[in-house]
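Enquirer: sequence unavailable; structure follows:
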């Protein structure tokens, strides 16, 4: 990848290319289920990490599939990637998985691209290609995990008279809000920085609200990359959702 690309262009190209690699691995028929997820993770991670280090040798790097080198914490610019967000969905042949390529600058998710290769034709959403949000649904749609929906999301959805929409990966959920397929993604079951850095950068660029569920900012490039919770929603819902979360707590 050319070093002449902007950070956003680099992120988008890498996310798209990794997605194409992952589709090829799945189409090969050489792996199934967990083995497919593992193979995809390994190959996509190798590609992304090598390309980032070649294109941005002075930046730090944090990946789900790499050893956590906390020396990155001394750097202002750190790339945060998830080669396959939604490994289970990818291994099951579903479409609700993603590739995350994000860049945190001074702890803030500034640049990001999220590829959704499993959708028809493939989609890449980037922080430098923001579009107007589609109109909201009459009833707010809450994105929740397929297997363990957050209790806070269930409670707030009931209060707001909303509708639950089950979906796989964190990136797929966040991009569903960007794409106008839902209004609120409220998660409290625990995540890591690579689960949300790129999606948050894209969501912020599109004018969405992004925060912790207590309303505090989301910070990246910390020594411990664990992030307990996340709220991505249309701005008109943010205050009410945060109020109801506080009541539920």
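Expert: Thanks, I have it. Since the model is a prediction, treat every value here as computed from it, not as a measurement.

Enquirer: looking at stretch 97-106 now, give me its mean pLDDT.
Expert: Mean pLDDT, computed over stretch 97-106, is 98.

Enquirer: pull the distance from that stretch to the chain's centre.
Expert: The chain centroid and the centroid of stretch 97-106 are separated by 7 Å under CA atoms, centre = their mean, to the nearest Å.

Enquirer: buried residues in it?
Expert: 97, 98, 99, 100, 101, 102, 103, 104, 105 (16 or more other CB atoms under 10 Å). In short, each C-beta sits where N, CA and C put it, glycine included.

Enquirer: of all these, which comes closest to residue 181?
Expert: residue 98 (13.9 Å; CB to CB).

Enquirer: give the contact list for the closest one.
Expert: For residue 98, the contact set (CB atoms under 8 Å, 6 or more residues apart in numbering) comprises 82, 84-86, 114-116, 169-172, 175, 199.

Enquirer: so what would you say the end-to-end distance of stretch 204-213 is?
Expert: With CA to CA, to the nearest Å as the measure, the ends of stretch 204-213 fall 16 Å from one another.

Enquirer: ok, stretch 137-146 next?
Expert: Termini of stretch 137-146 sit 21 Å apart (CA to CA).

Enquirer: and that stretch, what's its mean pLDDT?
Expert: For stretch 137-146, mean pLDDT is 94.

Enquirer: name the residues of that stretch that are buried.
Expert: When burial is assessed from 16+ other CB under 10 Å, stretch 137-146 yields the following buried residues: 140, 141, 142, 143, 144, 145.

Enquirer: just stretch 201-219 next, same as before
Expert: 201-206, 208-213, 218.

Enquirer: dump those to a markdown table, plus pLDDT.
Expert: As requested, those are exported to a markdown table (pLDDT from 0 to 100):
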| residue | pLDDT |
| --- | --- |
| 201 | 98 |
| 202 | 98 |
| 203 | 98 |
| 204 | 98 |
| 205 | 97 |
| 206 | 97 |
| 208 | 98 |
| 209 | 98 |
| 210 | 98 |
| 211 | 98 |
| 212 | 98 |
| 213 | 97 |
| 218 | 98 |
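
Enquirer: show me what the longest helix along the chain is packed against.
Expert: Secondary structure of the chain per DSSP state H: the longest helix is helix 33-55. Judged by 3 or more CB pairs under 8 Å, 6 or more residues apart in numbering; DSSP states H and E, the packing partners of helix 33-55 are helix 7-27, strand 60-63, strand 77-85, helix 87-91, strand 98-105.

Enquirer: other residues contacting it?
Expert: Contacts for helix 33-55 (CB under 8 Å, 6+ apart): 1-3, 5, 10, 14, 17-18, 21-22, 25-26, 30-31, 59, 61, 63-66, 79, 81, 83-84, 87-88, 90-92, 99, 101.

Enquirer: buried subset of these?
Expert: Buried among the contacts of helix 33-55 (16+ other CB under 10 Å): 10, 14, 17-18, 21-22, 25-26, 59, 61, 63-65, 79, 81, 83-84, 87-88, 90-92, 99, 101.

Enquirer: my read: residue 65 touches residue 83, true?
Expert: Yes - between residue 65 and residue 83 there is a contact under CB atoms under 8 Å: 5.8 Å.

Enquirer: quick check: end-to-end length of stretch 51-66?
Expert: 14 Å.

Enquirer: averaged pLDDT, that stretch. What do you get?
Expert: Here the average pLDDT along stretch 51-66 is 97.

Enquirer: i'd like the first residue to be 2 from this point on
Expert: With 2 as the first residue, the last one maps to stretch 52-67.

Enquirer: starting at the chain centroid, how far to that stretch?
Expert: That offset, for stretch 52-67, works out to 17 Å (CA atoms, centre = their mean).

Enquirer: need the contact list for the residue lying closest to residue 235 once chain neighbours are set aside.
Expert: Ranked by CB to CB, 6 or more residues apart in numbering and with sequence neighbours excluded, the top spatial neighbour of residue 235 is residue 184, at 5.1 Å. Shown in contact with residue 184 (CB under 8 Å, 6+ apart): 137, 138, 141, 142, 143, 163, 178, 234, 235, 238.

Enquirer: kind regards, and thank you for your time.
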